[in-house]
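A.B. asks: got a structure for you, letters missing:
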């Protein structure tokens, strides 16, 4: 019965009532099981505190657990083992109270849980950081997806691995980029998160940001030297993903960047009617079809004026690489330089 009372007190922030319940619990050294008991979702009172409670609520629960364990455990190794099992008990989603605190953004509780582990000289904090839920997401994945940049920084400082992948092979950077978490992306990049890593669909973080139209993230990734030439499982690079999802501002970020020509060097050749006809598709062809204004911008950038129209040496350099793409695609694949045609006016 005490379990349900404590659970309700935690969820409803009734600290006075919670204090009374905990005082009664302290009188029974075998009441350790109350803290291990869970509801139909597998949540213990510590899970509830991570989701709904304040720092004071968490502190009251932890101190009561420590008091009971210290009374019932003589051997310190047994004490630490049981203490950890309380903190790391998982719910139906395989999440610990640390996962829930990271997901909800409860930084004060998260910091407190790690601090008490420091106080007890518990050495395997890195293992705790790497603990994953039923989707193989770590606390860092959850915090990055929700945009809790303070928690992202804290977890990295505690030893969280920025290269860890979930069940879809997504890293924390994939999650932050897909959910438009600018500050989290910035922190992860500062700590050498793999910027060009593929997920299960062969999407890089740049693909994910482009897919959802997060142009500020795209700009940040481009300025951090993300590879614009990498293609996903459908053969599309990040620019093409942005075009096909009709994200105009995102497309403009690619075209304004110094790597704009690299973004345009990709192609897909579809065989039609038993190889009787081949349909060629390139980024520029997609722009012409779906975003003619941006296509016109590319045409303009493919013309370079040298000198003044009044000068005898005045000329315009026309780059036909992307207009005559049926000839250029084979050079793109072999990494050869394009041909540029000069016309003197």
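C.D. replies: Yes, it's here. Predicted model, so just to flag it, every value in this text is computed and none were measured. Numbers count the residues shown, from 1 in each chain.
A.B. asks: would you list every one of the helices in the stretch 101-250 of the chain?
C.D. replies: 107-119, 125-130, 139-146, 149-157, 172-178, 182-190, 205-211, 215-223, 238-244, 248-256 (DSSP state H, counting those that start in this stretch).
A.B. asks: Indicate which one of those helices is closest to residue 33.
C.D. replies: Ranking the helices of the stretch 101-250 of the chain by proximity to residue 33 (C-beta to C-beta) places helix 107-119 first, at 20.8 Å. To be clear about C-beta, it is placed using only N, CA and C from the backbone, and glycine gets the same treatment.
A.B. asks: now for the closest one, which elements pack on it?
C.D. replies: Contact analysis of helix 107-119 by 3 or more C-beta pairs under 8 Å, 6 or more residues apart in numbering; DSSP states H and E lists helix 55-72, helix 97-104, helix 125-130, helix 149-157 as its packing neighbours.
A.B. asks: 7 Å - rerun?
C.D. replies: helix 55-72, helix 97-104, helix 149-157 (3 or more C-beta pairs under 7 Å, 6 or more residues apart in numbering; DSSP states H and E).
A.B. asks: How much space separates residue 184 from residue 132?
C.D. replies: 18 Å (C-beta to C-beta, to the nearest Å).
A.B. asks: Neighbour count for those two, which is higher?
C.D. replies: Using other C-beta atoms under 10 Å as the criterion, residue 184 and residue 132 rank with residue 184 on top: 29 against 19.
A.B. asks: show me the contacts for that one.
C.D. replies: 144, 147, 149, 152, 176 (C-beta atoms under 7 Å, 6 or more residues apart in numbering).
A.B. asks: circling back: got JSON lines for the helices and strands packed on helix 107-119, with distance to residue 289 and mean pLDDT too?
C.D. replies: Formatted as JSON lines, the helices and strands packed on helix 107-119 follow (distance: least, C-beta to C-beta, whole Å; pLDDT from 0 to 100):
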{"stretch": "helix 55-72", "distance to residue 289": "56", "mean pLDDT": "78"}
{"stretch": "helix 97-104", "distance to residue 289": "41", "mean pLDDT": "94"}
{"stretch": "helix 149-157", "distance to residue 289": "39", "mean pLDDT": "97"}
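A.B. asks: out of those helices, which comes closest to residue 194?
C.D. replies: The closest of the helices and strands packed on helix 107-119 to residue 194 is helix 149-157. By C-beta to C-beta, the value is 13.9 Å.
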